[in-house]
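[1] Any chance you could fold what I've pasted below:
(one chain, ligands or ions: 2)
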Amino acid sequence: MTEIQRGATPTTSSYDVVAVGAGFAGMYLLHRLRGLGFTVRVYETGSGVGGTWYWNRYPGARCDVGSIEYSCSFDSDLEQEWNWSEKFATQPEILRYANHVADRFELRRDIEFDTRVLSATFDEQNRRWKIRTDGGEEVSAQFYVMASGCLSSSKNPEIAGIDGFAGQIYHTAHWPHDQVDFTAQRVAVIGTGSSAIQSIPIIAEQAAQLTVFQRTPNFSVPARNRPLEPNELNDAKAHYGELREFMRHSRGGQVREMPDKSAFDVTDEERTARYIEGWDAGNLGGLLGAFKDLMTDRAANDTVSEFLRGKIREIVQDPQTAEALCPQDHPFGTKRPCLDTDYYATFNRDHVRLVDLRRTPITTITPCGIDTTAESFDFDAIVFATGFDAMTGAIVNVDIRGAQGLSLRDKWAEGARTYLGLGIAGFPNFFTITGPGSPSVLSNMMVSIEQHVDWIADCLDHLRRHDVATIEAEADAETQWVQHVNDVGDLTLYPTANSWYMGANVPGKARVFLPYVGGVGTYRGICDEVAAAGYKGFVLS
Ligand code: FAD
Ligand code: NAP
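    Ligands and ions are numbered 1, 2, ... in the order given. I've put the predicted structure just below:
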């Protein structure tokens, strides 16, 4: 909707920093920058804070990084006063936490809710960004930050007929705020990524019939979720400082020891015993981190992938369904694996059916349901669990224009290019949080968010103290960083999968390995060195 249609009164205001997004990234950025005396305005499409946890209210939504680790580390009082109730917190609990953070640090007064940023243009003459919103507001800022989320631009399936469906359509990433009741309904779920795998067992509890439409099976490991014991929480509270320090310098931003053995350094029996331990551990790290070469050596990965396929065949009673659920097209971990509660066992229920779209693709969504090449299905409701235009979608949804009118959409048409996932050549005074080229989605995002926010806040403080008006990534530094991200990625198995890490889930999106796989500790070291060397690789003017 344009400003004229809305009839809003345009206003002009001026800030030091404008940021997009009021998830944990935008909230912490606001808090940090405010503390440094910057004026900040945050725009958020949603009506509340929390980002991911505001939008993804589907049944079963919860984090798959332990709640104690998936929490803010920047305020020790906050750490001490908040009590997580479960090993993996539910979406409602994380949303309550996000609201608590907003209340505690009085963030809402600088957040404009229900407002989408449409465009941001760098005005070279005044060396300021002009930001326009769908509310008709136009504001200016010296610095512009996209804290718009890596998994916030949702994606519908590319299937004809969606608009003609007479029943209810839901997307896991835009779940209604009111309770959805599937009792006595015939329900379809399209997709078998993390969102589907969390929601399917719970939808199956309610629905009269549940049909899961699977294009690509994913690996999933039992979460073994449970209430947190008081001593676990107390222990974490007593040692938060050490835990956080470990996480900041770790590989994935979690409390997890790194393996030192290859899968082939041990006997077959020892290897299997290690995998059973990993399966029983109730976290992804138990298996991903079982041996040091699982993500770099195909033969090593085959051993864990085959172990997991064995587990699926053990749990799922119907052999044809079990086989269809066994991922064969990608090594374990190269597509984001899932953590579930009773996912595979759900397919043993009489009213739950798997449709393998590799054998019988969907042809169309009809007014009554879904047609495949083999069958017509009638449904009361269809759930799209079809994921996101990850890492770049929310950024390029805004028409961002840098120096000389350069469009970010055009610049990234052949693949995202950044320097450190923080800055972009041609876009002065512009930053992305957990942007492509940073560890981001390969890590506990809370750790990566805080690292980026701290780096940006320190940088802005430095620029102000040294009377520097603009900072911009150098083209050469960007090229070298992109090369490094690719080189490190190419040492792993990640690029072998058609994953959203590669942009492969969005038709027409350039195939580039988007995150930096070097690990959060290594990456932090690089960012700190860049800053210590007077922002090496950036032009300050
Ligand atoms: P978000 O929380 O995505 O917030 C970005 C906000 O920007 C959104 O609210 C959006 O509305 C707003 N926005 C975007 N564009 C615009 C615009 N143009 N104008 C105005 N507002 C805009 N990570 C983990 O580390 N561990 C987990 O267990 C985990 N679980 C997840 C579960 C789900 C279901 C999903 C989808 C993601 C999960 N993630 C997890 C990743 C999660 O996205 C991050 O952990 C984190 O919440 C991201 O915070 P953020 O503030 O960067 O982005
Ligand atoms: P996703 O992993 O991208 O899964 C989307 C699913 O939809 C895939 O199975 C995909 O199949 C399928 N799909 C997409 N388009 C389709 C089409 N046209 N026809 C048929 N199937 C189609 O998305 P997600 O499940 O929302 O998860 C995204 C990420 O968010 C996760 O990887 C994770 O990082 C995060 N997340 C975390 C949790 C958690 O446990 N904490 C929960 C949810 C999400 P293909 O594989 O064939 O493309």
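[2] next one: stretch 184-194 to chain centre, how far?
    Its chain's average C-alpha position is 21 Å from that of stretch 184-194, according to CA atoms, centre = their mean, to the nearest Å.
[3] same deal with stretch 211-225?
    For stretch 211-225 - counting by CA atoms, centre = their mean - the centre lies 18 Å from the chain centre.
[4] Do me a favour and average the pLDDT over that stretch.
    Stretch 211-225 comes out with an average pLDDT of 98.
[5] near ligand 2 at all, that stretch?
    Yes: counting by CB under 6 Å from any ligand atom, ligand 2 has neighbours in stretch 211-225: Arg215, Thr216. Any C-beta I mention is one placed from the backbone N, CA and C, and that applies to glycine too.
[6] ok, that stretch near ligand 1 or not?
    No: Stretch 211-225 stays clear of ligand 1 (CB under 6 Å from any ligand atom), getting no nearer than 10.5 Å.
[7] Stretch 483-503 now?
    No: using CB under 6 Å from any ligand atom, no contact is recorded between stretch 483-503 and ligand 1, whose separation bottoms out at 11.0 Å.
[8] List the neighbours of stretch 366-382 that are in contact with it.
    Outside stretch 366-382, the residues that touch it by CB atoms under 8 Å, 6 or more residues apart in numbering are 161, 164-170, 182, 185-190, 211, 213, 355, 357, 359-365.
[9] is that stretch anywhere near ligand 2?
    No: legend: contact between stretch 366-382 and ligand 2 by CB under 6 Å from any ligand atom is lacking; minimum distance shown is 10.4 Å.
[10] what does the average pLDDT come to for that stretch?
    Here the average pLDDT along stretch 366-382 is 98.
[11] Now the terminal residues of that stretch, how far apart.
    Taking CA to CA, to the nearest Å as the measure, stretch 366-382 stretches 11 Å from start to finish.
[12] Could you list the buried residues of that stretch?
    Applying a neighbour-count criterion of 16 or more other CB atoms under 10 Å, one finds Thr366, Cys368, Gly369, Ile370, Asp371, Thr372, Phe377, Phe379, Asp380, Ala381, Ile382 buried in stretch 366-382.
[13] got it, and stretch 37-47?
    Those would be Phe38, Val40, Arg41, Val42, Tyr43, Glu44, Thr45, Gly46, for stretch 37-47 by 16+ other CB under 10 Å.
[14] ok, back up a step: redo the buried residues of stretch 366-382 as JSON lines? Include distance to ligand 1.
    Putting these into JSON lines (distance: CB to the nearest ligand atom, whole Å) gives the following:
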{"residue": "Thr366", "distance to ligand 1": "29"}
{"residue": "Cys368", "distance to ligand 1": "30"}
{"residue": "Gly369", "distance to ligand 1": "26"}
{"residue": "Ile370", "distance to ligand 1": "24"}
{"residue": "Asp371", "distance to ligand 1": "29"}
{"residue": "Thr372", "distance to ligand 1": "27"}
{"residue": "Phe377", "distance to ligand 1": "26"}
{"residue": "Phe379", "distance to ligand 1": "23"}
{"residue": "Asp380", "distance to ligand 1": "24"}
{"residue": "Ala381", "distance to ligand 1": "19"}
{"residue": "Ile382", "distance to ligand 1": "19"}
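[15] what helix or strand is whatever residue of the stretch 201-350 of the chain ends up closest to ligand 1 on?
    The nearest approach of the stretch 201-350 of the chain to ligand 1 comes at Gly253, 7.5 Å away (CB to the nearest ligand atom). Assigned by DSSP states H and E, Gly253 belongs to no helix or strand.
[16] For it, which residues are in contact?
    Shown in contact with Gly253 (CB under 8 Å, 6+ apart): Val65, Glu69, Met247, Pro439, Ser443, Asn444, Met445, Met446, Val447, Ser448, Val520.
[17] Could you tell me the per-residue confidence at the second one?
    I take that to be Glu69. 97.
[18] what about it, how many neighbours?
    22 (other CB atoms under 10 Å).
[19] quick one, what contacts it?
    Leu243, Met247, Gly253, Gln254, Val255, Asn444, Met446.
[20] make it 7 Å
    The contact partners of Glu69, by CB atoms under 7 Å, 6 or more residues apart in numbering, come to Met247, Gln254, Val255, Asn444.
[21] Against Ser448, how distant is it?
    Per CB to CB, to the nearest Å, Glu69 is found 12 Å from Ser448.
[22] again with the third one
    Taking CB to CB as the criterion, Met247 is separated from Ser448 by 10 Å.
[23] higher neighbour count, the two?
    Ser448 (28 against 23).
[24] can you map out the helices along the stretch 151-300 of the chain?
    Here the stretch 151-300 of the chain has its helices, by DSSP state H, counting those that start in this stretch, at 194-206, 230-248, 268-281, 285-288, 298-315.
[25] Can you name the residues of this structure sitting close to ligand 1?
    Checking the chain against ligand 1 by CB under 6 Å from any ligand atom, the hits are 20-26, 43-46, 51-52, 54, 56, 61, 63-65, 70, 116-117, 147-152, 195, 394, 397-398, 433-434, 444-445, 449.
[26] Give me the subset of these that also touch ligand 2.
    Applying CB under 6 Å from any ligand atom to the residues of the chain next to ligand 1, those adjacent to ligand 2 are Cys63, Asp64, Leu151, Ser195.
[27] now stretch 456-476: how far from the chain's centre is it?
    27 Å.
[28] Quick check: buried residues in that stretch?
    By neighbour count on 16+ other CB under 10 Å, the buried set for stretch 456-476 is Ile456, Ala457, Cys459, Leu460, Leu463, Val468, Thr470, Ile471, Glu472, Ala473.
[29] for Gly51, what are its contacts?
    Gly21, Ala22, Gly23, Phe24, Gly149, Ser152.
[30] For the helices of the stretch 151-300 of the chain, state which one has the densest average packing.
    Highest mean neighbour count among the helices of the stretch 151-300 of the chain (mean count of other CB atoms under 10 Å): helix 194-206, with a mean of 23.
[31] Indicate the residue of the stretch 1-150 of the chain located nearest to ligand 2.
    Closest point on the stretch 1-150 of the chain to ligand 2, by CB to the nearest ligand atom, is Asp64, at 3.5 Å.
[32] Pull the contacting residues for that residue.
    Phe88, Ala223, Leu284, Leu339 are the contacts of Asp64 under CB under 7 Å, 6+ apart.
[33] taking those one by one, which sit in strands?
    Leu339 (DSSP state E).
[34] so how far is ligand 2 from the nearest residue in space to Gln317 that is not next to it in sequence?
    Once flanking residues are discounted, Gln317 sits nearest to Asn348: 5.0 Å by CB to CB, 6 or more residues apart in numbering. For Asn348, the distance to ligand 2 equals 21 Å [CB to the nearest ligand atom, to the nearest Å].
[35] To what extent is Asn348 buried, counted in neighbours?
    14.
[36] wait, doesn't Val396 sit right on Lys411?
    No: using CB atoms under 7 Å, Val396 makes no contact with Lys411, being 9.4 Å away.
[37] just checking, which of the buried residues of stretch 37-47 belong to strands?
    Val40, Arg41, Val42, Tyr43.
[38] Closest to Glu81 out of these?
    Val42 (23.8 Å; CB to CB).
[39] what's near enough to touch that closest one?
    Ala19, Ala22, Gly26, Leu30, Asp110, Ile111, Glu112.
[40] Leaving aside the residues adjacent along the chain, what's closest to the first one?
    Once its chain neighbours are removed from consideration, Ala19 has its nearest residue in Val145; the separation is 4.3 Å (CB to CB, 6+ apart).
[41] Check the third one too.
    What sits nearest to Gly26 in space, not counting adjacent residues and going by CB to CB, 6+ apart, is Ala147, at 3.9 Å.
[42] Pull the contacting residues for the closest residue to Leu151 other than its chain neighbours.
    Counting by CB to CB, 6+ apart, Phe388 is the residue found nearest to Leu151 once chain neighbours are left out, at 4.6 Å. Contact analysis of Phe388 by CB under 7 Å, 6+ apart lists Leu151, Ser152, Ser153, Ser154, Lys155, Ala173, Trp500.
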